[in-house]
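Undergrad: What follows is a predicted structure for the sequence shown.
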Amino acid sequence: MDVVSESVVVENNLMSAKPIIKGLEKGYESCMKNATCRNGLMQLGVNFGLTAAQIQEAMDAGIATRNGDTEAMR
């Protein structure tokens, strides 16, 4: 796969991930407002609460690393 094809694949993956992340954020926010749901998550040990910015930063670092920028992981 050439560099252009790889960048298109990465871009397509990023575009498809954004709606999923937004949906997860909304679901998480709704769950935190419901005591039963919130307690269920805490019992599972899933109380991590990443922000949209943290998720985006991780995705950007992963993409940059795949593109050869090893400094992005620091």
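TA: In hand now; what should we look at? The structure displayed is predicted, hence computed values, not measured ones.
Undergrad: List the buried residues in stretch 18-32.
TA: Tyr28, Cys31 (16 or more other Cβ atoms under 10 Å). Heads up, the C-betas are built off the backbone N, CA and C, glycines and all.
Undergrad: which residues of the chain fall in helices?
TA: 3-33, 35-44, 52-66 (DSSP state H).
Undergrad: Just give me the lowest mean pLDDT stretch among the ones you listed.
TA: Here the helices of the chain differ in mean pLDDT, and the lowest is helix 3-33 at a mean of 68.
Undergrad: Compute the distance between Cys37 and Gln54, please.
TA: Going from Cys37 to Gln54 by Cβ to Cβ, to the nearest Å gives 22 Å.
Undergrad: who's more crowded, those two?
TA: Legend: neighbour count by other Cβ atoms under 10 Å for Cys37 and Gln54, higher for Cys37 (14 against 11).
Undergrad: dump the residue contacts of that one.
TA: Ser30, Cys31 (Cβ atoms under 8 Å, 6 or more residues apart in numbering).
Undergrad: same thing but 10 Å
TA: Neighbour list for Cys37: Gly27, Tyr28, Ser30, Cys31 [criterion: Cβ atoms under 10 Å, 6 or more residues apart in numbering].
Undergrad: Please apply the same query to Asp69.
TA: Per Cβ under 10 Å, 6+ apart, neighbours of Asp69: Asp60, Ala61, Ile63.
Undergrad: Pull out the buried members of those.
TA: Buried among these (16+ other Cβ under 10 Å): Ile63.
Undergrad: how about the contacts of Asp69 in TSV, adding distance to Gln43?
TA: Shown next, in TSV, are the contacts of Asp69 (distance: Cβ to Cβ, whole Å):
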residue	distance to Gln43
Asp60	32
Ala61	31
Ile63	34
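Undergrad: And the contacts of Asp69, which is closest to Met42?
TA: Within the contacts of Asp69, the smallest distance to Met42 is 28.1 Å, found for Ala61 (Cβ to Cβ).
Undergrad: Okay, that closest one and Gly68: tell me how far apart.
TA: 13 Å.
Undergrad: And for Gly23?
TA: 31 Å.
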